[in-house]
Structure formats: structure tokens, C-alpha cells
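1. I'll drop the sequence and a predicted model, then ask my questions.
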Amino acid sequence: AQRVTQPEKLLSVFKGAPVELKCNYSYSGSPELFWYVQYSRQRLQLLLRHISRESIKGFTADLNKGETSFHLKKPFAQEEDSAMYYCALNDNQGGKLIFGQGTELSVKP
Amino acid sequence: DAGITQSPRYKITETGRQVTLMCHQTWSHSYMFWYRQDLGHGLRLIYYSAAADITDKGEVPDGYVVSRSKTENFPLTLESATRSQTSVYFCASSRQSGSTEAFFGQGTRLTVV
């Protein structure tokens, strides 16, 4: 069965510290993976997708098929990074878009 | 640029009543999704639709009904609301499956008393 697991409900770091938000997935085929972010009082929006191999707002994520992980990283956290982050998996055959439980990132000054 | 809109934004209803949450998108996206967001559970998929007249169950479909007679609309109905259905509901759409970005509505906060 498809599943996305984010083990940390809350991650609290100080400004300038490195950040890693964990995401593990379970999927039998080749998944399409994403990170979405929800800032306070804003809509959920795409942060990045694995296929693009891009860096957005200093965040990167690498798909590790061996470990079935797609962790989100940023070397130096900023206060404006405080938000709820969701890892998501798209079943590109059936079309389901499944989300993890979310991790709330709090960056303290 | 209307994009994707949900209505109402807030709703209080009584146990046992039928409630319909509306979702409308202006992009003619093929895929549409309904999620509920609950503390500790994140976003859980209720139903999704790949095209007009095609709908499929997600992770938590019990107690909900959807329809998609037109590409742009994807209403979600709670047939007989229960307190456990108190939640924030999000609608989303995407152009296609795979690596395509999904766009979210602003959410509907539903309280069942």
C-alpha cells in the first residue's frame, strides 16, 4: 500500500542552524515525490518536486530509492521558514496524491 | 485569476444533517481531490477524480459522497454529519497525474455539533 511517513510532528531549530525534515515512503513502483508547504494563513503550495532536482528558497530534497526516503534539507534556517511542511507521493498510474502527517518547523531567532 | 475556490469558508452544522462543500476551479484541470486536515493525521485523501464522471475512493471515504458532473466542480457531501467529521477540508486540482503540481483551495472549516 502507498504510504508517506513523516516521523517528526514538530521540529524546532534556531536561526542559522541546519534543518532536515524527514520523509519516508512506501510504494511499489516509481513514485513522484513532492514537498508542499503551508505558511500561516496561506494556502498549501508546492515547494519542490523530486523530478526537478531544484533548490527552492534554499531547500533541497534528494530521492533515495534504496532507503525509500525524500528528506528535505536546508543548510541555514531562516525565521520565515517557519511553517507546516508536507511530503507527498503521487501514484502516477492511478492518480492518487497521498500526503504525510506533516512536520511543523519552528525557527527561533 | 480565480483559480480554485471553496465555499463556504466556515460552516457549523448539527449531527445528522446533510452538508455539501463546494469546490470550483477555472483551469479545466483533469484531476481534483478532497482532503481533510486533522491534528496528528496531516492531510488524508477522502476522494479524488481523474475526469468528469470518474471518481475514486481515497483513504477515508466513509460518510462522504462526491460527484463530478462538470470538470470544474467537485462537491463533497456529508450525508449525515457526525462529530468526527469536524475538520478542515481542502480541495485541490492538478492538470494531470505524475509530477504535476496540485493547487489548493483556501479550505473549509466545518464544525459538527
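-> Received, thanks. Numbering: from 1, shown residues only, chains lettered A, B, ... in the order given.

2. residues from chain A in reach of chain B?
-> A:6, A:9, A:32, A:34, A:36, A:43-46, A:49, A:51-52, A:86, A:88, A:90-102 (Cβ under 8 Å from any Cβ of the partner chain). Backbone N, C-alpha and C define where each C-beta goes, glycine included.

3. Let's see the ChimeraX selection covering just the buried ones among those residues.
-> Here is the ChimeraX command that selects only those of the residues of chain A next to chain B that count as buried (16 or more other Cβ atoms under 10 Å in any protein chain shown):
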select /A:6,32,34,36,43,44,46,49,86,88,90,91,92,95,96,97,98,99,100,101,102
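
4. Just the residues of chain A next to chain B: which are in strands?
-> Those of the residues of chain A next to chain B mapping onto strands are A:32, A:34, A:36, A:45-46, A:49, A:86, A:88, A:90, A:97-99, per DSSP state E.

5. B:Ser94: which of those is nearest?
-> Set against B:Ser94, the nearest of those by Cβ to Cβ is A:Leu97 (7.3 Å).

6. Let me see the contact set for the residue nearest to the closest one when sequence neighbours are not counted.
-> Using Cβ to Cβ, 6 or more residues apart in numbering or on different chains and skipping the chain neighbours, the partner closest in space to A:Leu97 is A:Asn90 (5.2 Å). Going by Cβ atoms under 8 Å, 6 or more residues apart in numbering or on different chains, A:Asn90 touches A:31-34, A:96-98, B:97-100.

7. what's the burial count for B:Ala52?
-> B:Ala52 has 16 neighbours, counted by other Cβ atoms under 10 Å in any protein chain shown.

8. just the one 10 residues further on next, same as before
-> Applying other Cβ under 10 Å, we find 7 other residues in the vicinity of B:Asp62.

9. before we move on, the earlier item: let me have the ones in strands among the residues of chain A next to chain B in CSV, adding pLDDT as columns.
-> Below are those laid out as CSV (pLDDT from 0 to 100):
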residue, pLDDT
A:Glu32, 89
A:Phe34, 94
A:Tyr36, 97
A:Gln45, 95
A:Leu46, 94
A:Arg49, 89
A:Tyr86, 97
A:Ala88, 95
A:Asn90, 89
A:Leu97, 88
A:Ile98, 91
A:Phe99, 94
